[in-house]
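Q: Could you look at this predicted model? Sequence included:
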Number of protein chains: 2
Amino acid sequence: MSAIDERLAAFRGRRVLVTGGLGFIGSALALELVRLGAEVTLCDAMLPDYGGNLFNVEPVKDRVRVNFCDVRDENSMNWLVRGMDYMFHLAGQNCHILSLTNPFPDIDMNIKGTAVVLEAVKNHAPGAVVVYSGTRGQYGRSVKLPVSEDAPTNPLGIYEVSRLAAEKIVQVYNDAHGVRGVMLRLTNVYGPRSQMKHNRFGVANWFVRQALDGEEISVFGDGKMLRDFLYIDDCVRAMLVTAATPAAHGQVFNVGHDRPVTFLELIEGIIAAAGSGTWRLTAFSKERAAQNPGDYYSDVSKIRRVAGWSPAVGLTDGLSRTVEFYREHRDRYWGG
Amino acid sequence: MSAIDERLAAFRGRRVLVTGGLGFIGSALALELVRLGAEVTLCDAMLPDYGGNLFNVEPVKDRVRVNFCDVRDENSMNWLVRGMDYMFHLAGQNCHILSLTNPFPDIDMNIKGTAVVLEAVKNHAPGAVVVYSGTRGQYGRSVKLPVSEDAPTNPLGIYEVSRLAAEKIVQVYNDAHGVRGVMLRLTNVYGPRSQMKHNRFGVANWFVRQALDGEEISVFGDGKMLRDFLYIDDCVRAMLVTAATPAAHGQVFNVGHDRPVTFLELIEGIIAAAGSGTWRLTAFSKERAAQNPGDYYSDVSKIRRVAGWSPAVGLTDGLSRTVEFYREHRDRYWGG
C-alpha cells in the first residue's frame, strides 16, 4: 500500500458530505469515497443546465445518501453538516462567461453559498475538515510560468472573483474560527460524468462530445495556447489526500498537471482517441479575449511536497478513458 | 493654482453621484464637490448605526440633491446613475468585527451592492468614472513595510474579503466592460462628520470622543503598533484627484499617510488636542487578535507618482481640527 493509500484509509467509516455531489467532480469523489468505506451524503440543488445527474452515482446508488438541497439554504445546511467529519464543497455556479451579462448568480451561489456552508460547519460541525475547490482562473493572466500559489491573483471575470472571494472566506474561517480548510485551485479537469449538454463550462469534455459526434471543433486563436489538463481521478485523489493530511489544512494548493499541452495537442489527442472529429481555428470574440488569461499551467510542487500528491494519469490515457465512458453512456449525457 | 487644483476644476458643472453620501467620507466629498461647482447627488440608505447623518451636509443642504436609497436596490440605482459623469461609491458595511458573528451583511452590501452599482453604470452611465474605496485591511498582515499595492492580499476577516472582492469587481468592469474605475485602499481616516455613537468602526474618531468626554481610552496590546492616520480632507482630495486623472483610471492606489505613528502617539496627540482624557493598556481578545494585522503603514509612492497627490495635513493639525469640530457639534454626533 502506498503512502497515499495509507492516508486515504482514514476515510473508512468517516462521515463525508459533498456539496454539488451529483455533479462531475462531486460524483467522482462519491464513487471513490464509497470505495474507501466512507459514509457519504451528497447534496445537490439539481439546477437546470448545471452538472447534477443521478446517473453519475448509479454504481453506488444504494451506498450513498442523496439530499436535494441548495447550499444557499441556511437551515438545511445547518442540519446537513451535523456529525460530518469531512466536507467537500463543490456546489456553485461554474460558467465563467455568465457574469458578462449577469454577475449576481456568481456572488450569490459562490460567495454567499460558501459563507453559508462555512457558518454551518463553524456552528454545527466545528471538527469537520472542509475542502474547497477554486479555480486557476483566480490568478488571471500568468505573470510567470508555471504559476505557483504565491502568484498575484487578478481575476479577469466576476466568476473568478467569486471563486477567489470564496477561497478567502474559507481561509478566514480556518484562521479566525478554527474550521480546518483546504483551498484548492483546480486547473481544467476532464473525464467521465461531466455535464455534456452545453459548452459553457468543461471545454475538454465538450471537445470529446464534438469528436464523438464527428463534428468540427472550433479552436479559439491559433490553438497554441498552453494549458494543463487534469484527469478527474487525479483531481479526486488530490482532494482526498489533502483532506487527510493535517499539514495541508489551512493551505492553498494548485491542483494541476505538470505537463502542459497546447489546445491543438489536446484536440488532436481527443480526435485520435475518438477516431472521429475534425478541427478548425476561429477568432476570439472581443469579450472572450478580454477574459482569456493566455498561457497557463500549474506549478504543483507545493501539493507534491506537502501532501505527496502528483498527477498519475497522462493525457493519452485520460482521454481514452473519457472517450470510452461517454461512448458507452452517451445517451445519459446528451440526447438519447 | 496648483496642478491639482487645476485638475479639480474639471468637476465644475459635472454631475456626480456619491453613494453613502451622508456618511463620514461621502459628506466630506459632497462639501468639496459643491465648492468645486459640481452638481451633486447623494445616495444614502440611512441604515441605523451606520454613518448617514443629514447634519453632515447642513452647510450645503440647498446645493445637493439627497436621494434615500440602498445600493442593493437595483431599479433605483439604474435610475440614479443616469447622466452621471463621476460616481464615488462609499456605501457599505464598515464594521470589521460584525462578520465574526454574521458574514452575510458584508457579502450582501459590499460585494453584491458594488456589483449592482457597476451593472447600473455599465448599462446606464457607461461614460462615468467610478471611484471605489476599499481598505488597507485587504492586505492582512504586512509582509514588508511600508505596504505597497503589489503586496499579497490575505484579508483576516470577511469584511476585508468583501472589500477585496468588491475592488476586483470594479477592476473587472474596468478591464472587460470599459467602465473606468479607480480602486483605492484607504488607511484609517479620521476627522469631522464620522458616526460617533459606537466604537465599531473609526477608531481614531472614537478616541476623540472619549477624550472630549474625559474618559479613559483603552489601548489594545502595548500601544506600540504602527499605523498611518489620514485626515479626511486629504482622503477627499485623493479621491477627487484620482477620479480626474485619466492615467489613474483602471489602477489600484493606497491612500494613506507616509508618516506612521504608534497608537500611543495618536492617543497622546488626541488627549493633548482635547485637553482631557487618559489612557490605559488592555489585552486583545482572542478573536480580535486573530483579525489584527499588526504594524501597517501605506506606501503612497504610486498615487504620488501617477496622480500627484500627497497627504498635506499632519497629525497634530488634523487632530486639532477634529477636536474643534466635535466640540462645537457634539450634540449632533453623540447624545445632545
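A: Nice, I can see it.

Q: In the stretch 201-336 of chain A, which residue sits closest to chain B?
A: Nearest residue of the stretch 201-336 of chain A to chain B (CB to the nearest CB) works out as residue A:290 at 4.6 Å. For every residue, glycine as well, the C-beta is placed using N, CA and C.

Q: I'd assumed residue B:175 was in contact with that residue.
A: Yes - between residue A:290 and residue B:175 a contact is recorded at 6.3 Å, counting by CB atoms under 8 Å.

Q: what about the strands in the stretch 101-250 of chain A?
A: Applying DSSP state E, counting those that start in this stretch to the stretch 101-250 of chain A gives strands spanning A:129-135, A:181-186, A:188-190, A:216-220, A:226-227, A:229-231.

Q: Relative to residue A:266, which of those strands is closest?
A: When those are compared by CB to CB, strand A:229-231 sits nearest residue A:266, at 6.1 Å.

Q: Which neighbours in the sheet does that closest one have, and how are they oriented?
A: strand A:188-190 (parallel) (DSSP bridges).

Q: Please list all residues in contact with the residue lying closest to residue A:51 once chain neighbours are set aside.
A: Setting aside the residues directly before and after it, residue A:51 is nearest to residue A:23 in space (CB to CB, 6 or more residues apart in numbering or on different chains), at 3.2 Å. Residues in contact with residue A:23 (CB atoms under 8 Å, 6 or more residues apart in numbering or on different chains) are A:44, A:50, A:51, A:52, A:53, A:56, A:90, A:91, A:193, A:195.

Q: just to revisit the earlier point, how many other residues sit next to the nearest residue to the residue of the stretch 201-336 of chain A closest to chain B once chain neighbours are set aside?
A: Using CB to CB, 6+ apart and skipping the chain neighbours, the partner closest in space to residue A:290 is residue B:176 (4.6 Å). Using other CB atoms under 10 Å in any protein chain shown, residue B:176 has 20 neighbouring residues.

Q: Helix or strand next in line after the lowest-mean-pLDDT helix or strand in chain A, which one?
A: Across the helices and strands of chain A, mean confidence by mean pLDDT, DSSP states H and E is lowest for helix A:286-290: a mean of 74. Downstream of helix A:286-290, the first helix or strand assigned by DSSP states H and E is helix A:301-307.

Q: Average pLDDT for that following helix, rounded please.
A: The pLDDT scores in helix A:301-307 average 98.

Q: which parts of it are buried?
A: Buried residues in helix A:301-307, counted by 16 or more other CB atoms under 10 Å in any protein chain shown: A:302, A:303, A:307.

Q: Against which helices or strands is that helix packed?
A: helix A:232-243, strand A:252-255 (3 or more CB pairs under 8 Å, 6 or more residues apart in numbering or on different chains; DSSP states H and E).

Q: residues in contact with the first one?
A: Surrounding helix A:232-243, the residues in contact under the criterion CB under 8 Å, 6+ apart are A:4, A:7-8, A:11, A:24-25, A:28-29, A:32-33, A:36, A:86, A:88, A:129, A:131, A:133, A:182, A:184, A:186, A:189-193, A:248, A:251, A:253, A:255, A:257, A:303, A:306-309, A:311-313.

Q: Show me just the buried residues among those residues.
A: Counted by 16+ other CB under 10 Å, those give A:4, A:7-8, A:11, A:24-25, A:28-29, A:32-33, A:36, A:86, A:88, A:129, A:131, A:133, A:182, A:184, A:186, A:189-193, A:248, A:251, A:253, A:255, A:257, A:303, A:307, A:309, A:311, A:313 as buried.

Q: Closest residue of the stretch 101-250 of chain A to chain B?
A: In the stretch 101-250 of chain A, the residue that lies nearest chain B is residue A:165 (3.8 Å; CB to the nearest CB).

Q: and that residue, how many neighbours does it have?
A: Other residues close to residue A:165 by other CB under 10 Å number 30.

Q: Over to residue A:224?
A: 12.

Q: wait, it sits on residue A:262?
A: Yes - counting by CB under 8 Å, residue A:224 does reach residue A:262; the two are 4.9 Å apart.

Q: how about the residues of the stretch 101-250 of chain A near chain B?
A: Counting by CB under 8 Å from any CB of the partner chain, the residues of the stretch 101-250 of chain A close to chain B are A:103-104, A:107-108, A:111-112, A:115, A:118-119, A:150, A:152-158, A:161-162, A:164-165, A:168-169, A:171-172, A:175-176.

Q: Mark which of these are buried, thanks.
A: Looks like those have A:103-104, A:107-108, A:111-112, A:115, A:118-119, A:153-158, A:161-162, A:164-165, A:168-169, A:171-172, A:175-176 buried, using 16+ other CB under 10 Å.

Q: any weak-confidence spans in the stretch 1-150 of chain A?
A: A:1 (pLDDT under 70).

Q: which residue ranges form the helices in it?
A: A:3-8, A:24-35, A:74-80, A:104-105, A:113-124 (DSSP state H, counting those that start in this stretch).

Q: and residue A:98, which of the ones you listed is closest to it?
A: Per CB to CB, nearest to residue A:98 of these: helix A:104-105, 6.3 Å.

Q: just how off-centre is that closest one within its chain?
A: 20 Å (CA atoms, centre = their mean, to the nearest Å).

Q: who touches that helix?
A: Contacts of helix A:104-105 (CB under 8 Å, 6+ apart): A:93, A:98, A:99, B:112, B:115.

Q: let's see 6 Å
A: For helix A:104-105, the external contacting residues (CB atoms under 6 Å, 6 or more residues apart in numbering or on different chains) are residue A:93.
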